[in-house]
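predicted structure and sequence below. I'll ask about it afterward.
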Amino acid sequence: MKAIKITLVLLILLSGLLISGCLQQANDVVETSAETPTVKSTVQGTAAEAETRTITDMDGVVWTIPKEVKSVAANGAGNQIVFMVGGADKLVGTASVVQQNEMFVKIYPRITEVETIFVTGQDVNFEELVKLDPDVIIGNLDDAEEYGLVDLDIRNQSPEDIKTEVLLVGDLFGEEEYKKAEEFCNYYDGNLNYVTERTKNLTDEEKVKVFVAGADILSTEGIGSITTSWIENAGGINVAAEAGVKERGTISMEDLIAQNPDIIITRDSKTREELLTNDQYQDISAVKTGKIYVNPKGVYLWGVRSAETALQTLWSAKMIHPELFEDLDMNEETRKFYSTFYYYELSEEELDSILNPQ
């Protein structure tokens with residue numbers, strides 16, 4: 001009997017220990033569940049990573065950006081490319097030169113409401129840019145990373161550069177935008193092939209000497225520039241490059257006169273008029289023959305660093321070698337480009353303002 005009582009006591013004590021252990025385990029579960037926010041934080045981090053992606057700019061720098069880019073700031077010609085691929089509604093910062101472009105404003109009026117970040121060239125309103133905190137900047141800014149901003153470095157000194165930039169910008173926004181970028185690249189390649197097929201067999205003697213004036217008569221672009229690229233494709237020789245000017249620079253008046261270009265292309269009619277009336281330039285062949293042409297200007301100036309360089313490829317060929325491109329209708333080509341890439345039908349007046357700017 002006594003043995004039975006001892007056994008019962010032992011069973012009770014054992015049960016107590018088991019219950020205590022179970023309670024302790026229950027407490028452990030509660031404590032563990034109290035740490036769930038940390039676990040969720042890790043999950044959120046993993047989810048956040050799923051909401052980001054990497055993109056490599058044209059300098060080979062790899063950036064982490066949101067999976068869905070919702071805001072972009074762009075300088076200069078970058079705005080035209082963003083607009084062309086279909087990302088303009090995500091522009092939160094732009095350049096004053098773009099907001100002053102009548103055709104850009106006419107086709108996309110909202111551009112005047114976007115914050116002006118790039119005032120002139122690389123003069124940047126960093127204070128406002130930091131406030132905007134765009135997902136991506138297309139601006140080639142030296143100091144952007146110091147402010148914790150993603151700034152894609154781009155180059156646009158050749159057709160390959162332009163196409164790569166367009167694809168990069170298209171990739172920022174999504175699949176449809178990337179398809180539009182690819183469509184543009186195919187179009188540009190078609191223009192390049194069309195032109196070079198007719199100019200590739202020209203001898204050096206048959207090539208035309210061309211000078212392109214920039215913001216003023218002697219500012220120009222030379223070796224390694226997009227200007228040299230489209231001149232050479234069109235069967236010409238860039239006299240600024242021949243004189244040793246590198247990329248964007250200045251040619252001396254003496255060198256310009258000595259190079260004696262057959263054709264001069266200017267950005268506006270004011271520069272053209274100055275060339276025609278200034279006695280210092282009267283011995284230049286292009287001035288004597290009146291072969292001074294004002295470069296077309298649409299949503300951006302055709303000849304410099306925007307995707308409208310695809311049209312410049314055609315126009316310059318017709319200006320430099322009209323005998324090879326009698327069948328090329330620039331009215332038709334310009335209408336087609338604006339309809340295809342901007343979904344905009346040009347009026348006769350608008351077409352004239354693009355091809356014959358003042």
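Now that the structure is in, tell me what you want to look at.

nearest the geometric middle of this structure, what residue?
When the chain is reduced to its mean C-alpha position, the closest residue under C-alpha atoms, centre = their mean turns out to be G78, at 3.3 Å.

quick check: pLDDT value at that residue.
G78 carries a pLDDT value of 96.

my guess is it contacts G139, does it?
Yes. If you go by C-beta atoms under 8 Å, G78 and G139 touch, sitting 6.9 Å apart. Using the backbone N, CA and C atoms, a C-beta is placed for each residue, glycine as well.

wasn't G249 part of a strand?
Yes. Per DSSP: H, G, I helix; E, B strand; the rest coil, G249 lies within a strand segment.

which residues touch it?
With C-beta atoms under 8 Å, 6 or more residues apart in numbering as the criterion, the residues that contact G249 are 219-222, 240.

do V239 as well
Residues in contact with V239 (C-beta under 8 Å, 6+ apart) are 209-211, 251, 256, 259-261.

switch the cut-off to 10 Å
209-212, 220, 222, 231, 245, 251, 255-256, 258-264 (C-beta atoms under 10 Å, 6 or more residues apart in numbering).

hmm, back to that, what touches both of G78 and G139?
Listed as contacting both G78 and G139 by C-beta under 10 Å, 6+ apart are 72, 95, 118, 152, 154.

and the residue nearest to the centre of the chain, that one's in a helix?
Yes. Secondary structure assignment (three-state DSSP) places G78 inside a helix.

what's N356 sitting at in phi/psi?
Per-residue torsions, N356: phi -130, psi 60 (degrees, to the nearest 10).

count of neighbours near it?
As a burial measure, the neighbour count of N356 was computed by other C-beta atoms under 10 Å and equals 12.

so it touches R272, yeah?
No. Taking contacts as C-beta atoms under 10 Å, N356 lies outside contact range of R272: 11.4 Å.

so which bits of stretch 170-179 are buried?
By neighbour count, and taking 16 or more other C-beta atoms under 10 Å as the criterion, the buried residues in stretch 170-179 are 170-173, 177-178.

contacts only, for the residue nearest to Q280 when sequence neighbours are not counted.
For Q280, the nearest residue in space outside its immediate sequence neighbours is M253; the separation is 6.4 Å by C-beta to C-beta, 6 or more residues apart in numbering. The neighbours of M253, taking C-beta under 10 Å, 6+ apart as the test, are 217-218, 278, 280-281.

now the helix or strand encompassing G190: mean pLDDT?
Here G190 is covered by helix 175-199, with elements defined by DSSP states H and E. Over the span of helix 175-199, the pLDDT mean works out to 98.

what do you get for stretch 239-256?
Per-residue pLDDT values across stretch 239-256 average out to 96.

ranges for the helices of the stretch 1-150 of the chain?
The residue ranges that make up the helices of the stretch 1-150 of the chain, judged by DSSP state H, counting those that start in this stretch, are 2-34, 36-50, 77-85, 96-99, 102-107, 126-132.

hmm, back to that, show me which of the buried residues of stretch 170-179 is closest to A144.
Distances from these to A144 were compared by C-beta to C-beta; the smallest belongs to L172, at 15.6 Å.

so who does that closest one touch?
If you count contacts by C-beta under 10 Å, 6+ apart, L172 has them with 55, 65-66, 68-69, 72, 82, 85, 87, 90, 135-136, 138, 152, 178, 181.

equivalent analysis for V299, please.
V299 sits next to 77, 79-80, 83-84, 98, 101-108, 111, 306-308, 337-338, 341-342, 344, 354 when contact means C-beta under 10 Å, 6+ apart.

was I right to think E345 contacts F337?
No. Counting by C-beta under 10 Å, E345 does not reach F337; the two are 11.7 Å apart.

any idea how this structure splits into domains?
The chain resolves into domains spanning 54-176, 202-355 when parsed by automatic domain parsing.

CSV for these, including distance to G190?
What follows is the domains of the chain, written out as CSV (distance: least, C-beta to C-beta, whole Å):
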stretch, distance to G190
domain 54-176, 12
domain 202-355, 9
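
among those domains, which is nearest Y187?
domain 202-355 (6.2 Å).

run a quick neighbour tally on E146.
In terms of burial, E146 registers 9 neighbours under the definition other C-beta under 10 Å.

now, the contacts of V239 that are in strands?
209-212, 220, 263-264 (DSSP state E).

how about those in a markdown table, adding pLDDT and distance to L314?
What follows is those, written out as a markdown table (pLDDT from 0 to 100; distance: C-beta to C-beta, whole Å):
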| residue | pLDDT | distance to L314 |
| --- | --- | --- |
| K209 | 98 | 20 |
| V210 | 98 | 15 |
| F211 | 98 | 20 |
| V212 | 98 | 16 |
| T220 | 97 | 22 |
| I263 | 98 | 16 |
| I264 | 98 | 19 |
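
show me the contacts for the nearest residue to the residue nearest to the centre of the chain once chain neighbours are set aside.
Setting aside the residues directly before and after it, G78 is nearest to I138 in space (C-beta to C-beta, 6+ apart), at 3.9 Å. When contacts are counted by C-beta under 10 Å, 6+ apart, I138 is found next to 57, 72-79, 81-82, 91, 93, 150-154, 165, 168-169, 172.
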